[in-house]
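J.: model the structure of this input:
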Amino acid sequence: MKSSKENILEAVCLHFNFSQNLVISLNRRADLVKARQFYFYLCRELTRETLPSMSNYIGRNHATAIHAIRQLEGLMSIYPEIKKEIKAVKTLLVEINPLIVSHIDLLQLTINHTKSFV
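T.: Presented below is the predicted three-dimensional model:
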């Protein structure tokens, strides 16, 4: 069975219509950078992977992951359509690996439950 970071990379590549090799490449095109930001953000949100682990998997370092996550969070606060794209990638994740749906649902329930106490 694939690890979650592999599933996330696969879903991100499907969403953006890129090959995994292209996303992992050193190319700095804006659309590829955005795909990598999605990968890092979703790994952080949906897995217990460490920053070095998720970064090394695509040939980057943990500082790149931190920067990418912060960048995407900032963009999400300005552009609501990015949240819709994140949701679309999560839907692809469920299609790729139906077992992950229970993890996503559980995580969402935990977040909602925590917010109700705040």
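J.: so which residues of the chain form helices?
T.: For the chain, the helices defined by DSSP state H cover 4-16, 20-24, 30-46, 51-57, 62-78, 80-96, 100-116.
J.: what residues are up against R44?
T.: 51, 54, 65, 69 (Cβ atoms under 8 Å, 6 or more residues apart in numbering). C-betas here are computed from N, CA, C, even on glycine.
J.: in a markdown table, list the residues you listed along with pLDDT.
T.: Shown next, in a markdown table, are those (pLDDT from 0 to 100):
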| residue | pLDDT |
| --- | --- |
| L51 | 95 |
| M54 | 95 |
| A65 | 96 |
| I69 | 97 |
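J.: which residue packs closest to the residue nearest the centre of the chain, ignoring adjacent ones?
T.: With distances taken as Cα atoms, centre = their mean, the residue of the chain nearest its centroid is L42 (2.3 Å). The shortest distance from L42 to any residue other than its chain neighbours is 4.8 Å, reached at I8 (Cβ to Cβ, 6 or more residues apart in numbering).
J.: by mean pLDDT, flag the weakest helix or strand of this protein.
T.: Using mean pLDDT, DSSP states H and E, the weakest-scoring helix or strand in the chain turns out to be helix 100-116, at a mean of 53.
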